[in-house]
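**Q** any chance you could fold what I've pasted below:
(chains A and B)
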Amino acid sequence: NAGVMQNPRHLVRRRGQEARLRCSPMKGHSHVYWYRQLPEEGLKFMVYLQKENIIDESGMPKERFSAEFPKEGPSILRIQQVVRGDSAAYFCASSPHARTGDQPQHFGDGTRLSIL
Amino acid sequence: AQSVTQLGSHVSVSEGALVLLRCNYSSSVPPYLFWYVQYPNQGLQLLLKYTSAATLVKGINGFEAEFKKSETSFHLTKPSAHMSDAAEYFCAHLGDSTLGRLYFGRGTQLTVWP
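**A** Prediction:
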C-alpha cells in the first residue's frame, strides 16, 4: 500500500504526558499537512510542512504543539503535556507539490488520540 | 473569511433514492472545491474536485457535483443511493492554491435505509 501511513492508529495518554504522532507521506510527495478533527466537527488545518521547512503553522496552538518533517524519516506532530481537550483524531495528508488545486491531498487513516 | 457551509448534519435516504448533500462556499478568490468521503475509522477519500473547468463534475462511485457561481454552491448528488454510500461527507474549499490548506465544512452524515 503506497498511501499515506500514519501511526499509531490509536494512542492513549494520561494528562501531562507527551504524544508523538507519525506520518509517512505517499511516495514522491514532499508536502505534508496536519489536520485535527474534534467530535462532531470537520477537519481543521494545523500545519503545512515541506522537507525541513514549516511553510504555514497558522492553525497550530501557540503552546505545547510542534511539528517537523526532517530530511529523512516521517513527519512528526508532537503534543507536550497533553490535556483532555487534545483528544481528537489527527489526520495527515500529503501532496506532490504545493498546488493542491491540481493535485489534491491524499489522507492517511488518522491517529485517534485519547487523553485519560 | 474563507469558509464552506454544509446544510444538514444528517441526511437519511432510502436505498435507490436520490442523494443530495448541500455545500455553499464563501470566498473572494477563484475557488477550488472538493468533496471527500470518510468511512468509520478511516481517513478521507477524494470523491471529486472542481478546478474551474466544467461546472458539472463527475466523481467516483456515481457521485457528481455542480458548481453554481451565482448561488456559491457545490452540492453533491447521486441518482440512486446504495447501502455502501453510508458515510460522512465533507465539502472542502481551497482558498489559496499556493498555500495548500483546505477549509472543511462540518460534515454531513449520510444514512441509507434498506
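**Q** so which residues of the chain form helices?
**A** Went with chain A since none was named. With DSSP state H as the definition, chain A shows no helices.
**Q** point out the residues in it that sit beside chain B.
**A** Counting by Cβ under 8 Å from any Cβ of the partner chain, the positions of chain A adjacent to chain B are A:4, A:6, A:31, A:33, A:35, A:40-45, A:48, A:55-56, A:59, A:91, A:93, A:95, A:98-102, A:104-110, A:112. Using the backbone N, CA and C atoms, a C-beta is placed for each residue, glycine as well.
**Q** are any of those residues buried, and if so which?
**A** Buried members of the residues of chain A next to chain B, counted by 16 or more other Cβ atoms under 10 Å in any protein chain shown: A:4, A:6, A:31, A:33, A:35, A:42-45, A:48, A:55-56, A:59, A:91, A:93, A:95, A:98, A:100-101, A:104-110, A:112.
**Q** inside strands: which ones of the residues you listed?
**A** Per DSSP state E, strands hold the following members of these: A:6, A:31, A:33, A:35, A:43-45, A:48, A:55-56, A:91, A:93, A:95, A:106-107, A:112.
**Q** tell me the two of these that are most distant?
**A** A:55 and A:112 (26.2 Å; Cβ to Cβ).
**Q** next one: the spatially most central residue of chain A, what pLDDT does it get?
**A** In chain A, the C-alpha nearest the mean C-alpha coordinate belongs to residue A:34, at 3.4 Å (Cα atoms, centre = their mean). You'll see residue A:34 listed with a pLDDT of 97.
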